[in-house]
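> Test case, fold it:
(2 chains)
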Amino acid sequence: AQKVTQAQTEISVVEKEDVTLDCVYETRDTTYYLFWYKQPPSGELVFLIRRNSFDEQNEISGRYSWNFQKSTSSFNFTITASQVVDSAVYFCALTFNAGGTSYGKLTFGQGTILTVHP
Amino acid sequence: DTGVSQDPRHKITKRGQNVTFRCDPISEHNRLYWYRQTLGQGPEFLTYFQNEAQLEKSRLLSDRFSAERPKGSFSTLEIQRTEQGDSAMYLCASSFLSETQYFGPGTRLLVL
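As a prediction, the model looks like this:
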């Protein structure tokens, strides 16, 4: 079975602090994709990044960076110099190749509530 | 390029009533997904379509739930005989084949 665990339920930081959101996943598949989505108070899930299981290169996009380590089944997300607008719920998700059919449903973690105080 | 849209955004109904939600995907996307999200939880998969075909349904989708995508464009999700446990946010997403899923704003359902 596939599972995504986000152990941090809530994180609170002060603006300009760096913050790392943890994500640990379980899957028996060798080919899979990992994602991060942001859900601001408005409720809409906003796509941030997609990474396939064969690409372990870290990625940086502005203040955001992602660290993928297959050895520990982790896909962590760091926000550098956090801002109040980063306050949201962040979800890590996984999709896999189910029995030869192409990737379909996403399996989400429970989310981490990030609050950035001014 | 418009995103995924959902209608209505909010719905309040009494227990036992039927409700129907609509989702319009991004125009060039051939896959459409429905998820349910309860308070404090991540979204849970309900079902998905590729064009008109419903390719997978979750065990969460009881007999009271039915989804359609008759012309491979918009989709509807109907809940019959609503129960208080159906109160949740219903999210729709679309993608081109197995590419990234993009989500709509959701329909928030409250069953009294």
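
> Geometric centre of chain B: which residue is closest?
The residue lying closest to the centre of chain B (C-alpha atoms, centre = their mean) is B:Trp34, at 3.6 Å.

> So what pairs up with that residue in the strands?
B:Trp34 has the following beta-bridge partners by DSSP bridges: B:Thr47, B:Cys92.

> need the residues of chain B near chain A, please.
Near chain A, the residues belonging to chain B are B:31, B:33, B:35, B:40-45, B:48, B:55-56, B:58, B:89, B:91, B:93, B:97-98, B:100-106, B:108 when assessed by C-beta under 8 Å from any C-beta of the partner chain. From N, CA and C alone the C-beta is placed, and that goes for glycine too.

> can you map out the strands along the chain?
As the question left the chain open, I've gone with chain A. In chain A, the strands defined using DSSP state E lie at A:3-5, A:10-14, A:19-21, A:24-26, A:32-39, A:46-52, A:59-61, A:64-69, A:74-79, A:88-96, A:107-108, A:112-117.

> wrong one, I was asking about chain B
B:5-7, B:10-13, B:19-24, B:31-37, B:44-50, B:53-57, B:65-68, B:75-79, B:88-95, B:102-103, B:107-111.

> for chain B, what are the nearby residues on chain A?
Counting by C-beta under 8 Å from any C-beta, chain A sits next to chain B at A:4, A:35, A:37, A:42-47, A:50, A:91, A:93, A:95, A:101-111.

> go with 7 Å
Contacts of chain A with chain B, taken as C-beta under 7 Å from any C-beta of the partner chain, map to A:43-45, A:47, A:50, A:91, A:102-106, A:108-111.

> State the pair within these that is farthest apart.
Largest separation among the residues of chain A next to chain B by C-beta to C-beta: A:Gly43 and A:Ser102, giving 28.4 Å.

> Would you mind telling me which of these two has more residues around it?
Set side by side, A:Gly43 and A:Ser102 show more neighbours around A:Gly43, with 17 against 12, by other C-beta atoms under 10 Å in any protein chain shown.

> Can you report how many residues neighbour residue 31?
In the absence of a named chain, this looks at chain A. Under the criterion other C-beta under 10 Å, the count of neighbours that A:Thr31 has is 11.

> The chain in question should be chain B.
22.

> The closest residue to it other than its chain neighbours: how many residues sit nearby?
Distance criterion C-beta to C-beta, 6 or more residues apart in numbering or on different chains; nearest residue to B:Arg31, sequence neighbours excluded, is B:Ser95 at 4.7 Å. Applying the criterion other C-beta under 10 Å, we find 21 residues in the vicinity of B:Ser95.

> residue ranges with poor pLDDT in chain B?
Per-residue confidence for chain B (pLDDT under 70) gives these ranges: B:1.

> What sits closest to residue 85 if chain neighbours are left out?
Picked chain A for this. Looking at A:Val85 with C-beta to C-beta, 6+ apart, the closest residue is A:Val116, at 7.9 Å.

> sorry, should have said chain B
In this structure, B:Gly85 finds its nearest non-sequential neighbour in B:Val111, 7.9 Å apart by C-beta to C-beta, 6+ apart.

> and if you look at B:Gly104?
Across the structure, with C-beta to C-beta, 6+ apart as the measure, the residue nearest B:Gly104 apart from its sequence neighbours is B:Val4 (3.5 Å).
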